[in-house]
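>>> Only the shape, not the letters, is given here:
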Ligand SMILES: [Zn+2]
């Protein structure tokens with residue numbers, strides 16, 4: 001036991017300092033979020049744990065299935081038997097690999113369950129996603145938080161890695177016009193793209209992957225993380241990141257290419273940085289709306305406050321267009337499809353009978369009829385940042401009481 005303790009305390013001390021560029025303190029203090037714990041995510045996470053990256057957040061809403069086991073070094077058949085959450089199992093296995101690091105799982109959606117306050121405390125974010133919609137949303141979250149994100153994609157024997165940074169290059173701007181941007185009430189984006197990359201973009205959807213392409217591309221992503229963690233130290237040594245570039249690997253002929261990839265259009269709605277965020281230590285996602293509005297008014301010294309729901313609307317009821325029958329929902333809009341699935345009569349109404357009308361709120365102020373609901377109940381995650389409209393224009397506040405849920409990572 002004492003040998004083990006001795007060994008883990010010195011994780012990497014005999015090895016990594018041999019690398020001229022490696023800074024032990026930077027790596028131990030680093031905070032990295034990996035979004036998506038599938039084939040790629042497993043590889044990225046494994047590498048980060050081996051390097052001793054000190055604080056790792058894993059985000060994934062999915063449960064482990066048998067089909068995942070062929071490409072996921074962190075998962076076991078028992079995990080699939082029990083249908084455990086990918087994020088939770090991955091976080092636990094990372095700590096088995098390297099007990100000196102801190103990990104935290106968020107078993108949920110990258111924007112509806114992971115607060116922007118988590119993003120803004122990261123050094124870098126890694127996207128290991130398999131859908132275009134999720135990538136667009138992650139791009140927006142990272143830009144709001146002012147963080148670089150490293151995107152990886154794999155398909156068959158191919159894969160690519162790019163890093164995106166506000167004011168330099170943008171995932172959404174790189175999409176071609178024939179790629180549909182998902183609707184979230186906020187998506188009338190103008191999309192333009194170089195025709196020559198459109199073909200590459202088509203490969204970003206859900207496609208067959210192999211353990212080999214996952215480990216190759218996941219390794220390149222992890223390497224990018226290490227560079228960004230070291231920041232200016234590595235820049236002065238001639239290291240370059242993949243911001244504005246794409247690394248492409250093609251396995252049939254064992255070829256790799258690096259090319260410029262820096263689409264950035266002025267009209268794109270993703271280019272939004274939430275500045276001057278005010279941390280309110282009394283404010284939590286468990287605060288009621290009435291309490292939250294009071295805390296905010298007091299702290300910002302304003303008379304009027306509207307909370308803009310930017311990631312999810314709140315739906316209080318659905319009604320049948322033909323019969324006016326009403327169904328109370330009281331949940332975020334993103335949960336409505338599951339609600340409809342669970343109610344057979346509603347499933348019928350959505351396709352026949354004129355359909356369903358969804359009564360929802362995007363703006364929450366003193367007029368909101370359910371002031372006793374908590375922010376969590378209307379769809380706002382822990383440690384999120386709220387965008388407000390006040391008499392001064394847009395202002396931003398953080399639900400900083402929730403930092404207690406992330407104690408190990410953020411050290412408070
Ligand atoms: Zn853009």
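Looks like it came in fine. It should be emphasised that the depicted structure is a prediction, and the values quoted were computed from it without experimental measurement.

>>> Spell out which parts of the stretch 251-400 of the chain neighbour the ion.
Within the stretch 251-400 of the chain, the residues that sit near the ion (CB under 5 Å from the ion) are 268, 270. All C-beta atoms are positioned from the backbone trio N, CA, C, and that covers glycine.

>>> Which part of the stretch 251-400 of the chain gets nearest to the ion, residue-wise?
residue 268 (2.9 Å; CB to the ion).

>>> Let me know the pLDDT of the closest residue to that residue other than its chain neighbours.
Leaving aside its sequence neighbours, residue 268 sits nearest to residue 173 (CB to CB, 6 or more residues apart in numbering; 5.1 Å). According to the prediction, residue 173 has pLDDT 95.

>>> Would you mark the buried spots in stretch 360-372?
360, 361, 364, 365, 368 (16 or more other CB atoms under 10 Å).

>>> where does the first one land in three-state SS?
In the three-state summary, residue 360 is assigned as strand, counting by DSSP: H, G, I helix; E, B strand; the rest coil.

>>> how near is it to residue 288?
Going from residue 360 to residue 288 by CB to CB, to the nearest Å gives 20 Å.

>>> any idea how far residue 74 is from residue 249?
Taking CB to CB, one finds residue 74 at 22 Å from residue 249.

>>> Which of those two has more residues huddled nearby?
Legend: neighbour count by other CB atoms under 10 Å for residue 74 and residue 249, higher for residue 74 (24 against 18).

>>> Skip the chain neighbours and tell me the closest residue to the more buried one.
Spatial nearest neighbour of residue 74, chain neighbours left out: residue 93 (4.2 Å); criterion: CB to CB, 6+ apart.

>>> Look up how far residue 297 lies from that neighbour.
Noted for residue 93: a distance of 45 Å to residue 297, by CB to CB.

>>> and if you look at residue 238?
Computed as CB to CB, the residue 238 to residue 297 distance reads 52 Å.

>>> So for the two, which residue has more residues nearby?
residue 297 (15 against 6).

>>> Is that one in contact with residue 305, as I believe?
Yes - assessed by CB atoms under 8 Å, residue 297 is found in contact with residue 305 at 5.7 Å.

>>> Please give me every residue in contact with the residue nearest to residue 255 when sequence neighbours are not counted.
Of all residues not flanking residue 255 in the chain, residue 249 sits nearest, at 7.6 Å (CB to CB, 6+ apart). By CB atoms under 8 Å, 6 or more residues apart in numbering, the contact list for residue 249 reads 158, 159, 160, 213, 216, 217, 220, 255, 256.

>>> how about the second one, phi and psi?
As for residue 159, its main-chain torsions (degrees, to the nearest 10) stand at phi -170, psi 170.
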